[in-house]
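Colleague: Pasting the sequence and the predicted coordinates here, then a few questions.
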Amino acid sequence: MQASDFFSGIEHPEVPWGERTIRVPIFYRAATSMGVLVAASLRRVQALLPSSRMHPVRLTPWHGVLSVSTMEFKDSDLGPYNEVSIGIPFTLDSTVLPFAVFLGRRSEDLHLYIHRLPVTTEVARAAGVEFAGYPKFLARIEFEHNTEWVTCRLVESDRPILTLSGRKVDLRDSPRSRWQVFTARNGRLLRSELILSERRMGASRRASDIRLELGDHPIAEELRGLKLGRMLMYEYVPAYQCILTPVIESFTV
């Protein structure tokens, strides 16, 4: 169900950036991803958000949600690179009732705060930091594929942060979708939009289809401190395209 005309008709100019140029919005023409939503301590997840206006999605009155996603960007305006996103789903200025999001009523008001965003190339790191305040840093991100599983290993300075393994579950057609992506810089909340093409996607709520292992890196210890619990939802997308806009809105903290 790959959308061959996903980028058609969109203005895609080059803009100056240091000694080079960059095209905006950023087109990702070939990508693969897997991700998981994990239960976590609501109080500790809340403490990571930079503003009291941001309300983490509540699974229960005591549990929030952590998002861990891994991406292979094989063809993009920033060149090929890999990325791992550690984020917190939240709403701005309003709360979501416990369980509401997981009953199939995904709200357009649901956003994702990017807490950590390691990448594998300097171009991807510098562009993300300078244009939108993404918390990017360089790391080693390696993928391994076999007939049944995809495994992503995230390592910085020879210290493992995490390993995420997902089963290649059955695929179904999935419509175009979007995430409102937030970062924070200089006392402002910054919003960009990530638009995903129509795609074939596998999803599962079976704990046996996903494995998340934490290493001995300080970020791994930070994640342990969130009191991670059961896996809530796993998604696997072997091929898709996406568009990342520049910052299109800002808010006071």
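Modeller: Received it, and whenever you're ready, just let me know what you need. Numbers count the residues shown, from 1 in each chain.
Colleague: so what's residue 22 up against?
Modeller: With contact set as C-beta atoms under 8 Å, 6 or more residues apart in numbering, residue 22 has these partners: 14, 15, 77, 78, 127, 131. (Glycine included, C-beta is placed from N, CA and C.)
Colleague: what would the residues you listed look like in JSON lines with distance to residue 166 and secondary structure?
Modeller: Shown next, in JSON lines, are the contacts of residue 22 (distance: C-beta to C-beta, whole Å; DSSP: H, G, I helix; E, B strand; the rest coil):
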{"residue": "14", "distance to residue 166": "36", "secondary structure": "strand"}
{"residue": "15", "distance to residue 166": "36", "secondary structure": "strand"}
{"residue": "77", "distance to residue 166": "27", "secondary structure": "coil"}
{"residue": "78", "distance to residue 166": "25", "secondary structure": "coil"}
{"residue": "127", "distance to residue 166": "28", "secondary structure": "helix"}
{"residue": "131", "distance to residue 166": "30", "secondary structure": "helix"}
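Colleague: from the residues you listed, which is closest to residue 141?
Modeller: Using C-beta to C-beta, residue 78 comes nearest to residue 141 of the contacts of residue 22, at 14.6 Å.
Colleague: wait, what's in contact with the closest one?
Modeller: For residue 78, the contact set (C-beta under 8 Å, 6+ apart) comprises 22, 26, 121, 123, 124, 127.
Colleague: For the helix or strand where the fifth one lies, list the C-alpha coordinates in CSV.
Modeller: Read it as residue 124. For residue 124, the host element (DSSP states H and E) is helix 122-132. The C-alpha trace of helix 122-132 is given here as CSV (Å, rounded to 0.1, in the frame of the first residue of the first chain):
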residue,chain,number,x,y,z
GLU,A,122,26.3,14.4,12.2
VAL,A,123,24.1,16.0,9.5
ALA,A,124,21.0,14.5,11.0
ARG,A,125,22.1,15.6,14.5
ALA,A,126,23.0,19.2,13.7
ALA,A,127,19.9,19.8,11.5
GLY,A,128,17.6,18.5,14.2
VAL,A,129,19.2,20.5,17.0
GLU,A,130,19.6,23.8,15.1
PHE,A,131,16.2,23.8,13.3
ALA,A,132,13.9,22.5,16.0
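Colleague: on that earlier part again, selection in ChimeraX covering whichever of the contacts of residue 78 are buried, please.
Modeller: Those of the contacts of residue 78 that count as buried under 16 or more other C-beta atoms under 10 Å are selected in ChimeraX with:
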select :22,26,121,123,124,127
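Colleague: any idea which of the contacts of residue 78 is closest to residue 170?
Modeller: Of the contacts of residue 78, the one sitting nearest to residue 170 (C-beta to C-beta) turns out to be residue 26, at 30.8 Å.
Colleague: Mind pulling up the pLDDT for the closest one?
Modeller: At residue 26, the model reports a pLDDT of 97.
Colleague: Repeat that for residue 110.
Modeller: We have a pLDDT of 84 for residue 110.
Colleague: And for residue 188?
Modeller: pLDDT, residue 188: 97.
Colleague: picking up where we left off before, make TSV out of the contacts of residue 22 and add distance to residue 168 and pLDDT.
Modeller: Putting those into TSV (distance: C-beta to C-beta, whole Å; pLDDT from 0 to 100) gives the following:
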residue	distance to residue 168	pLDDT
14	38	94
15	39	92
77	28	97
78	27	97
127	31	96
131	34	94
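Colleague: just to revisit the earlier point, give the rounded mean pLDDT of the very next helix or strand once past the helix holding residue 124.
Modeller: Note on helix 122-132: by DSSP H and E, the next helix or strand toward the C-terminus is strand 136-138. Summarised as a single mean, pLDDT over strand 136-138 is 98.
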